[in-house]
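Engineer: this is a predicted model, with the sequence first.
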Amino acid sequence: MSEPGNADIKKLTFERAIEELETIVKRLEEGKVPLEESVAIYERGEALKRRCEELLRQAEARVEKITLDASGKPAGTEPLDIN
């Protein structure tokens with residue numbers, strides 16, 4: 001259910017998506033945006049939020065913790081248990 005205007009969001013980095021999301025929030029908080037535009041940028045903001053969440057989940061899945069041997073030296077890695 002992707003909208004044509006939001007297709008570019010799938011290509012954004014986390015940093016770029018969060019930056020754009022912050023800009024949208026500021027514009028909406030100012031209250032000077034016409035209703036029709038407010039709805040459109042709110043919808044884009046929702047899509048940006050989902051993109052950020054997706055990228056964070058992907059990063060979380062890649063995080064590993066370093067395991068140490070008996071002498072305290074790095075011995076390898078294992079998946080990070082975030083529970």
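Structural biologist: Done, it's in.

Engineer: so is the residue of the chain positioned farthest from its centre in a helix, a strand, or just coil?
Structural biologist: The centre of the chain is farthest from one residue, residue 71, which by CA atoms, centre = their mean lies 38.5 Å away. Here residue 71 is coil, with the state taken from DSSP: H, G, I helix; E, B strand; the rest coil.

Engineer: return the backbone torsion pair for it.
Structural biologist: Per-residue torsions, residue 71: phi -90, psi 0 (degrees, to the nearest 10).

Engineer: ok, residue 42 to residue 54 distance?
Structural biologist: The spacing between residue 42 and residue 54, counted by CB to CB, to the nearest Å, is 19 Å. Where you see a C-beta, it was placed from the backbone N, CA and C, and this is true even at glycine.

Engineer: can you tell me the element the most centrally placed residue in the chain falls in?
Structural biologist: Per CA atoms, centre = their mean, the C-alpha nearest to the average position across the chain is that of residue 52, at 1.3 Å. Secondary structure assigned from DSSP states H and E places residue 52 in helix 35-62.

Engineer: next one: the next helix or strand after that helix to chain centre, how far?
Structural biologist: Scanning forward in sequence from helix 35-62 by DSSP H and E, the next helix or strand is strand 64-68. Relative to its chain's centre, strand 64-68 lies at 25 Å (CA atoms, centre = their mean, to the nearest Å).
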